[in-house]
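> I'd like to go over a predicted model; first the sequence, then the structure.
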Amino acid sequence: MNRFGGVICAAILLFAGTALAAGPTTHTRTLNVTGVLMPAAPGDVDNAEGGACNVDPWVHKCSSTAPGTCQCGEITVSKASGSMDTGKQTVSNFFVTIDQNLNPATEPTVGSGPNPNCSPILGILTDTSSTESKTLNLFAFSCKKVIGISNGNPTGTHVSDTIGGGWGISATHAPAPDASGWGTLTGSDTKKTHAISVKFSGLVTE
């Protein structure tokens, strides 16, 4: 074999070795969701479990079995963007169980001031594109936002909620292709219109 042929063979072996060594990589992924939050259909609610959503084991939890302890909501997504999945994304099966029995503001309202409240949330959603699919479990909280407090309106007006928390890729619904990841989320909802927006960011390995 001449020197030129040896160089070609060496290059082929080098590229083949690189291809065989290629594996999962980790990158920052995002997902931005806007939609409307409304009470879920009766068939998606387990009143024997305090009103928790019954659509998936992750959200089928409530701190009490007393009816009305939890609220099950479904978010109908009108827009989804970001890099969680490659290509145009669609978010579906977005459900949240809001536990109104657990409130860190255990000291009751003083006088006629606003009623303090934050509630834990368990949520789930599925994000899909033409080539990928991931189901995300959400562990979050919602705290009420009050404005317009005055002598004439000492309790103020509850206009929206501030949302925060974390998320992770669910193993119950296997991602395609195989992936793992977790991160944080922030968002808000508007009480008058039920509009909600949530932003997800974190690391995904696939």
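Nice, thanks for sending it over. This is a predicted model, so every value here is computed, not measured.
> On the strand side of things, show who residue 182 bridges to.
On the basis of DSSP bridges, residue 182 takes part in beta bridges with residue 168, residue 203.
> Quick check: closest non-adjacent residue to residue 51.
residue 70 (4.3 Å; CB to CB, 6 or more residues apart in numbering). Every C-beta, even on glycine, is put in place using the N, C-alpha and C of the backbone.
> Isn't the one you found up against residue 60?
No - applying CB atoms under 8 Å as the test, residue 70 and residue 60 come out as separate, 10.0 Å apart.
> Overlap of the contact sets of those two?
Both residue 70 and residue 60 are contacted by 49, 52, 97, under the criterion CB atoms under 8 Å, 6 or more residues apart in numbering.
> Can you tell me which helix or strand of the protein has the lowest average pLDDT?
helix 3-21 (a mean of 43; mean pLDDT, DSSP states H and E).
> Next SSE downstream of it?
strand 26-39 (DSSP states H and E).
> out of everything not next to it in sequence, what's closest to residue 192?
Per CB to CB, 6+ apart, closest to residue 192 is residue 159, 7.3 Å.
> quick one on the thing from earlier: more neighbours, residue 70 and residue 60?
residue 70 (32 against 17; other CB atoms under 10 Å).
> Let me see the contact set for the residue nearest to residue 192.
Here residue 159 is in contact with 145-147, 190-192 (CB under 8 Å, 6+ apart).
> Weed out the non-buried ones from those.
145-146 (16 or more other CB atoms under 10 Å).
> Can you classify the residue nearest the centre of the chain by secondary structure?
Nearest to the mean C-alpha position of the chain, by CA atoms, centre = their mean, lies residue 138 at 4.4 Å. The three-state label for residue 138, taken from DSSP: H, G, I helix; E, B strand; the rest coil, comes out as strand.
> is it in a bridge, and if so with what?
Applying DSSP bridges, one finds that residue 138 bridges with residue 123, residue 167.
> Would you confirm that it contacts residue 169?
No - taking CB under 8 Å as the definition, residue 138 is not a contact partner of residue 169, at 11.3 Å.
> which stretches of the chain aren't confidently modelled?
1-21 (pLDDT under 70).
> Let me see the ranges of the strands in it.
26-39, 45-46, 52-53, 70-82, 90-99, 118-128, 133-147, 157-169, 180-190, 195-205 (DSSP state E).
> Perfect, that will be all.
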